[in-house]
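*Asks:* quick one: sequence and predicted model below, then my questions.
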Amino acid sequence: MSHPYEIFGSQNVHDDDGPVIDSFLIETDAPPKPEPEPIPATPDDKPIRTTRILSGFALYDITQVEPFQLLPPDANRQQFEMRVTSQAGTPTLADYILWSDEKGKLQLPADGSLPNTGQYGRVHTTPAPPLTLDVHTGAIWVRINPLQTAVMEISWWATTK
């Protein structure tokens, strides 16, 4: 009579699968070093800051001789513009204001003369063009010309973030 299975001990029990599979693979001395994958740059998710407009105007006469700060320093300031208007019937070349980045540059010397030139600028009355500063983020100080006789109007506006 035949058996469905071979009798114990008569079958091939030698397992050669491991060496056969290893023969298909190529051996190397060491595994390769993994290359770090570059991390893709993500766009900035910062919200876009809206700008603000700062503006104002004031009337000044000859009695107001002390320099005053029109705008404080602002690192976010993008643009500044100032226009001067004289209420004199016929404005002259003496109708202007002085401006600077520091109060001390606009102080009058003891003899009453104008401060040192080169430390301040002038803004003449209209129809002269307005003063426009696109990159200045420091303070802005102004004072009226001590020789003027009419009331001066200073109008200004600035854009900041």
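*Replies:* Perfect, I can see it now.

*Asks:* now the strands for this structure?
*Replies:* Per DSSP state E, the chain carries strands over the ranges 52-60, 68-71, 77-86, 96-100, 121-124, 131-133, 140-144, 152-160.

*Asks:* show me where pLDDT drops low in this protein?
*Replies:* Counting by pLDDT under 70, the chain contains low-confidence residues at 1-13, 27-28, 110-118.

*Asks:* follow-up on the earlier one: redo the strands of the chain as a markdown table? Include distance to P32 and mean neighbour count.
*Replies:* Using the backbone N, CA and C atoms, a C-beta is placed for each residue, glycine as well. Formatted as a markdown table, the strands of the chain follow (distance: least, CB to CB, whole Å; neighbours: other CB atoms under 10 Å):
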| stretch | distance to P32 | mean neighbour count |
| --- | --- | --- |
| strand 52-60 | 57 | 12 |
| strand 68-71 | 63 | 16 |
| strand 77-86 | 54 | 19 |
| strand 96-100 | 68 | 21 |
| strand 121-124 | 68 | 17 |
| strand 131-133 | 61 | 16 |
| strand 140-144 | 64 | 22 |
| strand 152-160 | 56 | 19 |
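
*Asks:* which residue lies nearest the spatial centre of this structure?
*Replies:* The geometric centre of the chain, computed from its C-alpha atoms, lies nearest to N76 (CA atoms, centre = their mean), at 5.5 Å.

*Asks:* ok, that one - contacts?
*Replies:* By CB atoms under 8 Å, 6 or more residues apart in numbering, N76 lies in contact with T137, T160, K161.

*Asks:* burial measure for V65, as a count.
*Replies:* 12 (other CB atoms under 10 Å).

*Asks:* circling back to that earlier point, what would the strands of the chain look like in TSV with distance to I26?
*Replies:* Below are the strands of the chain laid out as TSV (distance: least, CB to CB, whole Å):
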stretch	distance to I26
strand 52-60	69
strand 68-71	75
strand 77-86	65
strand 96-100	80
strand 121-124	80
strand 131-133	72
strand 140-144	76
strand 152-160	68
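
*Asks:* of all these, which lies closest to D16?
*Replies:* Closest to D16 of the strands of the chain is strand 77-86 (CB to CB; 80.6 Å).

*Asks:* what is that closest one packed up against?
*Replies:* strand 68-71, strand 96-100, strand 121-124, strand 131-133, strand 140-144, strand 152-160 (3 or more CB pairs under 8 Å, 6 or more residues apart in numbering; DSSP states H and E).
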